[in-house]
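Novice: Dropping a prediction and its sequence here:
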Amino acid sequence: MFEKINTYLDTIEGFLIASILALASVLTITQVFFRYALNDSIFWAEEAILYLIISMSFLCTSLGIRKGSHITVDVLKSCIPKRFAPAFSLVAAVLGIIFAVSLFYFGGNLFLNTLARGQLSPALRVPIASIYAFIPITALLQMFRYTGVIYSVFKKQPVPNHSQH
């Protein structure tokens, strides 16, 4: 069941990441065309592109954990004996969960505080809280993915890492 949820999340995250990247790319090309060919610009494009890239970056963290392309200390991992590799992965996943929990807590507070103030973005006039919502949402996804890494260690399944790509 855990693998089914992972596969389902992979599909959703992959689709969202690709869609956001495509939208940001089209908007960037359109903005460049307007600025240089028409000598005009879309006043809200830069802000929209910034928010799209930030949102995509947060979404990519969860998928990066799943694929084993998150930040690790590869030098340390390559120096330890193979028998300690599962313990190393376990410690890294626990540290990742601690980080994700703090991201959820502080990102959630940022989201709630901004929501209470009703702050709007300067150009798009969208609630800033809707942008900050990506922080606690992706922190939950990160916790789930790190839990999957821990599950793999205890099931003695291979944990994804950079060398498997």
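Specialist: Now that the structure is in, tell me what you want to look at. Residues are numbered from 1 along each chain as shown.

Novice: which of the residues in the longest helix along the chain are buried?
Specialist: Across the chain, the longest stretch assigned as helix under DSSP state H is helix 2-36. Residues L9, E13, I17, I20, A24, L27, T28, Q31 are the ones in helix 2-36 that count as buried (16 or more other Cβ atoms under 10 Å). (Glycine included, C-beta is placed from N, CA and C.)

Novice: Wait, L141 touches L16, no?
Specialist: No: if you go by Cβ atoms under 8 Å, L141 and L16 don't touch, sitting 11.0 Å apart.

Novice: Give me the common contacts of these two.
Specialist: Contact criterion Cβ atoms under 8 Å, 6 or more residues apart in numbering; residues shared by L141 and L16: L59.

Novice: how close does I80 sit to F154?
Specialist: Remark: distance between I80 and F154 (Cβ to Cβ, to the nearest Å) = 19 Å.

Novice: Just the CA coordinates for stretch 88-95, please, in PDB.
Specialist: Taking Å, rounded to 0.1, in the frame of the first residue of the first chain, the C-alpha atoms of stretch 88-95 are listed here in PDB:
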ATOM      1  CA  PHE A  88      23.600   6.000   7.900                       C
ATOM      2  CA  SER A  89      20.400   6.100   5.800                       C
ATOM      3  CA  LEU A  90      18.300   5.800   8.900                       C
ATOM      4  CA  VAL A  91      20.000   8.700  10.700                       C
ATOM      5  CA  ALA A  92      19.800  10.900   7.500                       C
ATOM      6  CA  ALA A  93      16.100  10.100   7.300                       C
ATOM      7  CA  VAL A  94      15.500  10.900  11.000                       C
ATOM      8  CA  LEU A  95      17.300  14.200  10.600                       C
END
